[in-house]
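no sequence on hand, only this structure:
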């Protein structure tokens, strides 16, 4: 690709800049492990503050042209957004239930298409959650912001998803390109408008082999992490290289094998943690056998155990510790390490176009984040 | 996360507390207020929050923080200055009375320490240990209240709300369920004339002591599964499999009376309200914690199973009452159940939706009375009922 052609009629551009990450891995580990512990104590309610702290850590340690970004969102905003989203979702769930009943009377399982409505709602939530995060992102005293409509986005996402389903995934790159174009053209940095120049075809050229490999990977499952990691790397590189803000262009040379190590490390940890937890579960069961003494005749031991409340409690604790450890591992490798890997591949061209950007744009509410939490959807 | 500059906490901040502050930039600098120690000026980077222009400024400590550059002069009152996230080695601050995104960055540790010492409220926005303790406290209170609502309030609410649901709504629910049941089990309704007459007679006989009106509809479905279903709105289904396993009319009558008990108590609706509410409330916990789905599922299953067991026991009690009123024995029903499920000893009772069959049999045996009323069906009618699906 000729990098010059995008900024015609300007003085010779400055050499491309790299993005840097200065955060310490130990700090992040402490942050997520402490966060996981508090999340356990609070039965998950701490998630709003933990998500905020993770973002603050990542943002503030990410610097472009020597100046680091800042995340100005707060956990309390996420909590309030979640509560508002619940207040809206509860009547919707009730209405959904009543409509389901009427549809089922008419024809058995006629309500299944209604699930599609929730998919649309999830897409809306993804858009609005992105808007919240973007408006909390500040660089050099100027914030990013977004306009556009969450419902217009959801409508597009629905049509493109339908097309992707009909073509068994082959249309996915074009879906991604169209949706990114919508999102980026409605993203702004101060008075600088974003754009997206990634083409579906470019994405397709890099990913079609993976599309062919995917069915085999489901049979030969050690292949699956490779295929998925490569797909993710291709997607990231394509996405980053398409981002524009005014005359500023981002380029990424992320290699296709960039994430193999990360995914395998997660799998390795998952394996180790599973072994550790099976030893724990086995130990608890053995201990209970000892304490229970001989079991009444005719009663199977395994069945008796499943009614033993102290054991269920101990098992429950082991299980919660396991999922929290898994969450720490996943955040460390798939959030922090992936972030730094991706950042290392980034080059920023034409930063001079960003020399004097005027501040613009208002804060968006965290309602979208609340919906995304309530509907269990995630997106970037 | 407090990304502070190193050695910034060591300076006591109270030393410069009582300082006079005029309106912004109004009061002239008072040299007397300047502390004797520390640097008095140094370089900083300033962003005015209106454009992203990077401005190199010289900061000075007067009665306000002043920032000077070739073409700009800004002053911030110390008490309005707040620390915001900055990369390590950099103190980044904002000012409440300036543009919300205006930022000053100091990289010189001594200068940063001096500024921190002068600003009495610099860390007011940060999440302290106390704030985290408050979050934990409130979360525990919220979690406890969710658990209390699920265990105490929901059963009461389900009891109170059920009578408020209009009968038409309940019938709609039932009709929706009928369509589903017929899709799953096939819609072959048995209607052999003599069998149908016997079935009608049996249902009518049970309906009167049960105190239910004629809106009740009962059908026998031709499916080998030994079971019976009551649906909201007064419909119930008996499966042929149960008739095949039954040896006497009293056995089937007991099971039907049990299902009538569910209808009478509107158990379907009550369980719907209860389980819907508890699913939703338990779902509020844990949110997006990866892998927590199993914990949520397990607790939900246990709670609805325990609620269902209570309803089943109440329906058994109802069946016993009805049979007593008719002067018929209760024991045959327990025996039919036992014949179907066998001994369930040691089954994981915490997870079961019904009480153990042997416990139910024991209860029916204990309540058994010798027959004092006329048989519900004569031998001929019983034979016809057995053959209703022919």
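Sure thing, it's come through. Values in this document were obtained by computation on a predicted structure and should not be read as measured data. Numbering: from 1, shown residues only, chains lettered A, B, ... in the order given.

residues of stretch B:383-390 that come out buried?
For stretch B:383-390, burial by neighbour count (16 or more other C-beta atoms under 10 Å in any protein chain shown) applies to B:384-386, B:388-389. For glycine as for every other residue, the C-beta is placed from the backbone atoms N, C-alpha and C.

repeat for stretch B:306-316
Buried-residue list, stretch B:306-316, by 16+ other C-beta under 10 Å: B:306-309, B:311-312, B:314-316.

wait, which of the buried residues of stretch B:383-390 is closest to chain A?
Nearest to chain A among these is residue B:389, at 22.3 Å by C-beta to the nearest C-beta.

my guess is the closest one meets residue B:190, correct?
Yes - with contact defined as C-beta atoms under 8 Å, residue B:389 counts as touching residue B:190 (3.9 Å).

identify the residues contacting the closest residue in space to residue B:377 that isn't next to it in sequence.
Setting aside the residues directly before and after it, residue B:377 is nearest to residue B:249 in space (C-beta to C-beta, 6 or more residues apart in numbering or on different chains), at 4.1 Å. Neighbouring residues of residue B:249 by C-beta atoms under 8 Å, 6 or more residues apart in numbering or on different chains: B:202, B:375-377, B:381-382, B:385.

again with residue B:272
B:173, B:232.

check which residues of the worst-scoring helix or strand of chain B on mean pLDDT are buried.
Within chain B, no helix or strand scores below helix B:167-185, which has a mean of 80 by mean pLDDT, DSSP states H and E. For helix B:167-185, the neighbour count (16+ other C-beta under 10 Å) marks B:170-182, B:185 as buried.

what helices and strands are in contact with the following helix or strand past that helix?
Next along the chain after helix B:167-185, taking DSSP states H and E as the criterion, comes strand B:189-190. Judged by 3 or more C-beta pairs under 8 Å, 6 or more residues apart in numbering or on different chains; DSSP states H and E, strand B:189-190 is in contact with strand B:217-221.

so what touches the strand it packs on?
B:181-182, B:185-190, B:195, B:199-200, B:203, B:234-240, B:243, B:256, B:388-389.

which residues does the residue in chain B positioned nearest to chain A bridge with?
Using C-beta to the nearest C-beta, the closest approach of chain B to chain A is made by residue B:47 at 2.9 Å. Following DSSP bridges, residue B:47 is listed with bridge partners residue B:103.

surely it meets residue A:143?
No - contact criterion C-beta under 8 Å: residue B:47 and residue A:143 do not qualify, at 11.4 Å.

contact partners for residue B:214?
By C-beta under 8 Å, 6+ apart, the residues touching residue B:214 are residue B:207.

model confidence at it, what's the number?
Per-residue confidence for residue B:214 comes out at a pLDDT of 79.

same question, the one 10 residues further on
Here, the pLDDT recorded for residue B:224 equals 87.

that one - nearest residue in space that isn't next to it in sequence?
Counting by C-beta to C-beta, 6+ apart, residue B:241 is the residue found nearest to residue B:224 once chain neighbours are left out, at 4.6 Å.

count of residues packed around the one you found?
As a burial measure, residue B:241 scores 17 neighbours (other C-beta atoms under 10 Å in any protein chain shown).

show me the contact partners of the host helix or strand of it.
Element membership of residue B:241 [criterion: DSSP H and E] is helix B:240-245. With C-beta under 8 Å, 6+ apart as the test, helix B:240-245 has contacts from B:190, B:220-228, B:252, B:255, B:336, B:339-340, B:385-386, B:388-389.

buried only: go through the residues you listed for me.
Buried, going by 16+ other C-beta under 10 Å: B:190, B:220-223, B:226, B:228, B:252, B:255, B:336, B:340, B:385-386, B:388-389, out of these.

quick check: which ranges of the stretch 151-300 of chain B have low pLDDT?
Applying pLDDT under 70 to the stretch 151-300 of chain B flags residues B:286-293.

and if we set it to 90?
B:151-196, B:199-200, B:202-252, B:254-256, B:259-260, B:262-300 (pLDDT under 90).

residue A:183 contacts residue A:128, correct?
No - here residue A:183 lies out of contact with residue A:128, judged by C-beta under 8 Å, at a distance of 11.5 Å.

for residue 74, what are phi and psi?
Just so you know, I chose chain A. Per-residue torsions, residue A:74: phi -130, psi 150 (degrees, to the nearest 10).

other chain: chain B
When quoted as degrees, to the nearest 10, the phi and psi of residue B:74 stand at phi -130, psi 140.

just the strands from the chain, written as ranges.
No chain specified, so I'll use chain A. A:17-21, A:62-64, A:67-68, A:70-71, A:137-139, A:142-146, A:187-189, A:192-196, A:243-245, A:248-252, A:346-349 (DSSP state E).

to clarify, I was referring to chain B.
Going by DSSP E, chain B shows strands at B:41-47, B:55-61, B:65-69, B:72-76, B:81-84, B:91-95, B:103-106, B:189-190, B:217-221, B:228-231, B:235-239.

for the second one, packing partners?
Using 3+ C-beta pairs under 8 Å, 6+ apart as the contact definition, the elements that strand B:55-61 packs against are strand B:41-47, strand B:65-69, strand B:72-76, strand B:103-106, helix B:109-118.

partner strands of the second one and their direction?
Here the strand partners of strand B:65-69, with direction, are listed using DSSP bridges: strand B:55-61 (antiparallel), strand B:72-76 (antiparallel).

what angle sits between that strand and strand B:41-47?
Counting by axes from the mean of the first three to the mean of the last three C-alpha atoms, to 10 degrees, strand B:65-69 lies at 80 degrees to strand B:41-47.

about what we covered before: intersection of neighbour lists for residue B:47 and residue A:143?
Common neighbours of residue B:47 and residue A:143 (criterion: C-beta under 8 Å, 6+ apart): residue B:101.

quick revisit: compare residue A:183 and residue A:128 (neighbour count), which wins?
residue A:128 (27 against 22).

rewinding a little: out of the strands of chain A, which gets nearest to residue A:175?
strand A:192-196 (13.1 Å; C-beta to C-beta).

buried sites along that closest one?
A:192, A:194, A:196.

list the contacts of the second one.
With contact set as C-beta under 8 Å, 6+ apart, residue A:194 has these partners: A:184-188, A:243-245.

buried by neighbour count, from those residues: which ones?
In the contacts of residue A:194, burial by neighbour count holds for A:184, A:186-188, A:243-245, counting by 16+ other C-beta under 10 Å.

ok, now which ones touch residue A:97?
By C-beta under 8 Å, 6+ apart, residue A:97 lies in contact with residue B:276.

the helices in the stretch 201-350 of chain A, which residues?
With helices called from DSSP state H, counting those that start in this stretch, the stretch 201-350 of chain A shows them at A:224-242, A:260-292, A:301-305, A:309-330, A:338-344.

now these as a markdown table including mean neighbour count?
Below are the helices of the stretch 201-350 of chain A laid out as a markdown table (neighbours: other C-beta atoms under 10 Å in any protein chain shown):
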| stretch | mean neighbour count |
| --- | --- |
| helix A:224-242 | 20 |
| helix A:260-292 | 14 |
| helix A:301-305 | 15 |
| helix A:309-330 | 17 |
| helix A:338-344 | 19 |
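
between those, which one is closest to residue A:353.
Among the helices of the stretch 201-350 of chain A, helix A:224-242 sits nearest to residue A:353 (C-beta to C-beta), with 16.8 Å.

so which elements touch the closest one?
helix A:172-185, helix A:200-219, strand A:248-252, helix A:260-292.

number of nearby residues for residue 88?
Just going to use chain A. Counted with other C-beta under 10 Å, the neighbours of residue A:88 add up to 13.

that answer is for a different chain, and I need it for chain B
Residue B:88 has 15 nearby residues by other C-beta under 10 Å.

per-residue pLDDT, residue A:361?
Residue A:361 is given a pLDDT of 79.

wait, it touches residue A:143, no?
Yes - with contact defined as C-beta under 8 Å, residue A:361 reaches residue A:143; the gap is 6.2 Å.

these two: who's more crowded?
Neighbour count, other C-beta under 10 Å: between residue A:361 and residue A:143, residue A:143 has more, with 24 against 18.
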